[in-house]
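Novice: pasting the structure only:
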């Protein structure tokens, strides 16, 4: 990727380095480069203007800045020489941040100890976020999942025709996904509608999975990718993270979820805020666990349907290998087969 001259001139650190190493960004449309300096490294990220607005990036940087002040595992945004958190060029919005050490761990290699370390970091992050901005209202996550279910329900004939025209192995995987959708979607939608009661909302990442948590020597050294962050209920982070850490191990997921409850007690999150109560009363934990399980099932079903949309209906092309994408989709279908939430 060619770095425009105005980007190099915006930050003093970029004028001191000529080493820019591209880093794979998975499914993201943004591009990331490691900037190597004599004594440290930085992260240069280019957001396409088609994917994000200046206002949205400003909001994300405010959230990330609040977290990085308190937690070393959150990258610190480096300001330009004019004091801005990003630079706008013709096609991109550019940001520069600290480089976080460590590497993600695959789901098959995540031990319970690593999972507990990640849960501790998430609890600390959530505590800071809730103390920063918090509001009481209906869950955007629940509303979004109900709307997605309804959109797919009215398109079942169209989806079936697309599946019939698909090549293997996508056709078999898509057929299996549609079968689960037909059998589960009505019940899941009805149960989600019962979760629209008001609760505590604060800024969460919403795309927190194993590839976005960095470890080094058994410790969390980084939580990355704020592109999907917004005000929502905290369970959406836990559903995504625990489902990627231990996708086929319900007991471990629930054990880590209970550890999160205990950690939230330790940091003394408000305990008088309606349904989503992080206290020790068993009935409250049971209610949150039931909510977690339904969100996990709904998210898994809709993620599988989203892959059907992308790979079969739209035939989108991604930077990742097709086999990698199919494996992700297959894991979701395997979880739907298992039905252990």
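Specialist: Nice, thanks for sending it over. Predicted model only: the values in this text are computed from it and were never measured. Residues are numbered from 1 along each chain as shown.
Novice: measure stretch 29-42 end to end?
Specialist: 20 Å (C-alpha to C-alpha, to the nearest Å).
Novice: Okay, buried residues for it please.
Specialist: Buried residues in stretch 29-42, defined by neighbour count with 16 or more other C-beta atoms under 10 Å: 30, 31, 32, 33, 35, 42. All C-beta spots, glycine's among them, are computed from the backbone N, C-alpha and C.
Novice: likewise stretch 248-266?
Specialist: Those would be 249-250, 252-257, 259-261, 263-264, for stretch 248-266 by 16+ other C-beta under 10 Å.
Novice: Reformat the residues you listed as TSV; add secondary structure and pLDDT.
Specialist: Converted to TSV, the buried residues of stretch 248-266 look like this (DSSP: H, G, I helix; E, B strand; the rest coil; pLDDT from 0 to 100):
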residue	secondary structure	pLDDT
249	coil	94
250	helix	96
252	helix	94
253	helix	95
254	helix	94
255	helix	93
256	helix	94
257	helix	93
259	helix	91
260	helix	92
261	helix	87
263	helix	87
264	helix	83
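Novice: now, among those, which is nearest to residue 287?
Specialist: Proximity of the buried residues of stretch 248-266 to residue 287 (C-beta to C-beta) peaks at residue 261, which lies at 11.6 Å.
Novice: Just confirm the closest one contacts residue 285, I think it does.
Specialist: Yes - at 5.8 Å, residue 261 counts as touching residue 285 under the criterion of C-beta atoms under 8 Å.
Novice: give me the number of residues near residue 43?
Specialist: If you count neighbours by other C-beta atoms under 10 Å, residue 43 ends up with 19.
Novice: meant to ask about residue 309, not that
Specialist: Residue 309: 17 surrounding residues under other C-beta under 10 Å.
Novice: Kindly state the pLDDT recorded for it?
Specialist: Looking at residue 309, its pLDDT stands at 97.
Novice: Kindly report the same for the one 3 residues further on.
Specialist: We note a pLDDT of 97 for residue 312 in this prediction.
Novice: Equivalent analysis for residue 278, please.
Specialist: At residue 278, the model reports a pLDDT of 46.
Novice: Throw the buried residues of stretch 248-266 into JSON lines and include distance to residue 85, thanks.
Specialist: Listed next are these as JSON lines, based on distance: C-beta to C-beta, whole Å:
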{"residue": "249", "distance to residue 85": "40"}
{"residue": "250", "distance to residue 85": "41"}
{"residue": "252", "distance to residue 85": "38"}
{"residue": "253", "distance to residue 85": "36"}
{"residue": "254", "distance to residue 85": "39"}
{"residue": "255", "distance to residue 85": "39"}
{"residue": "256", "distance to residue 85": "33"}
{"residue": "257", "distance to residue 85": "34"}
{"residue": "259", "distance to residue 85": "34"}
{"residue": "260", "distance to residue 85": "30"}
{"residue": "261", "distance to residue 85": "34"}
{"residue": "263", "distance to residue 85": "30"}
{"residue": "264", "distance to residue 85": "30"}
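Novice: quick one: which of the buried residues of stretch 29-42 sit in strands?
Specialist: 31, 32, 33, 35, 42 (DSSP state E).
Novice: and of those, the nearest to residue 136?
Specialist: Nearest to residue 136 among these, with distances taken as C-beta to C-beta, is residue 32, at 36.2 Å.
Novice: now that closest one, which residues is it bridged with?
Specialist: For residue 32, the beta-bridge partners are residue 23, residue 45 (DSSP bridges).
Novice: Next, the contact list for it, please.
Specialist: By C-beta atoms under 8 Å, 6 or more residues apart in numbering, the residues touching residue 32 are 22, 23, 25, 43, 44, 45, 46.
Novice: Please report the distance of it from residue 23.
Specialist: 4 Å (C-beta to C-beta, to the nearest Å).
Novice: Pretty sure residue 239 sits in a strand.
Specialist: No - per DSSP: H, G, I helix; E, B strand; the rest coil, residue 239 lies outside any strand segment and is helix.
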